[in-house]
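Engineer: Structural data only, the sequence is not supplied:
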């Protein structure tokens, strides 16, 4: 899998989070503190719509949303479909794909299901909500693994950080005077939040959830560690493909999940 953030992604990561060691020695215990490096790029306002970039952040955040716009213009139908499924399916269900040849056996043994139907013309009009079982059922033969995934999923939320940083999703922004509303494909228009005040982009909740689920599954099935984490990264990348998040949003979600999963913290 080749991720297409562009060469400026490394600069974004260093600017926001510093080195990996710094990310792990943060003194905070919640998403606001753990991701406090984002304040080097973005200063939240007193209200959700009055935030502004710092001098350091201005060019980096401009590049941040430029990447989203470029991806939207180049997006293929297959990429839209993949982004749609990763948006609508429960993230714990989606990352099961990282088990590769063990995927079907895990789904059968855990009772993992999804109710999101096949991609078709109705996705542009209907907001399908996954009523499946996510990672599975705790009373199944693989119930202990399901409990592990659920424990990590249910113990972490991106909402406090989203509320604190109030950084707009890409489709609520503009680039060189042009609205970026176009970056969300038609199939995901029904998923666009109506209230900007409670719909922050940083950090990505989908990425955080997928990373936590994949890490938990990797702990249970270590021989698929790399593939599971790659699948979680792919899901995060699809948040950019969907126009729902920017690269910094995705990085924030992944960093938060990695910190919260670390047994040392």
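Structural biologist: In hand now; what should we look at? Quick caveat, the model's predicted, so the values are computed rather than measured.

Engineer: any idea how far residue 185 lies from residue 86?
Structural biologist: The gap separating residue 185 from residue 86 is 13 Å, by Cβ to Cβ, to the nearest Å. C-beta here means a position set from N, CA and C on the backbone, and glycine is covered the same way.

Engineer: Which one's more surrounded, those two?
Structural biologist: In this view residue 185 and residue 86 are compared by other Cβ atoms under 10 Å, and residue 86 has more residues nearby, 24 against 21.

Engineer: Distance of that one relative to residue 217?
Structural biologist: 16 Å.

Engineer: Next: residue 146.
Structural biologist: 10 Å.

Engineer: tell me, what's touching those two both at once?
Structural biologist: Shared contacts of residue 146 and residue 217, defined by Cβ atoms under 8 Å, 6 or more residues apart in numbering, comprise residue 135.

Engineer: Could you check which of those two is surrounded by more residues?
Structural biologist: Remark: of residue 146 and residue 217, residue 217 carries more neighbours, 30 against 26, as counted by other Cβ under 10 Å.

Engineer: Mind telling me what element the closest residue to the more buried one other than its chain neighbours is part of?
Structural biologist: Of all residues not flanking residue 217 in the chain, residue 228 sits nearest, at 5.3 Å (Cβ to Cβ, 6 or more residues apart in numbering). Assigned by DSSP states H and E, residue 228 belongs to helix 225-241.

Engineer: which helices and strands does the following helix or strand past that helix pack with?
Structural biologist: Per DSSP H and E, the first helix or strand lying C-terminal to helix 225-241 is helix 247-261. Judged by 3 or more Cβ pairs under 8 Å, 6 or more residues apart in numbering; DSSP states H and E, helix 247-261 is in contact with helix 9-17, helix 20-24, helix 31-34, helix 57-74, helix 205-220, helix 225-241.

Engineer: what's the angle between helix 247-261 and helix 225-241?
Structural biologist: On the basis of axes from the mean of the first three to the mean of the last three Cα atoms, to 10 degrees, helix 247-261 is oriented at 140 degrees to helix 225-241.

Engineer: What mean pLDDT does helix 247-261 get?
Structural biologist: Mean per-residue pLDDT for helix 247-261: 94.

Engineer: What of stretch 182-200?
Structural biologist: 94.

Engineer: Give me the distance from it to the chain's centre.
Structural biologist: 15 Å (Cα atoms, centre = their mean, to the nearest Å).
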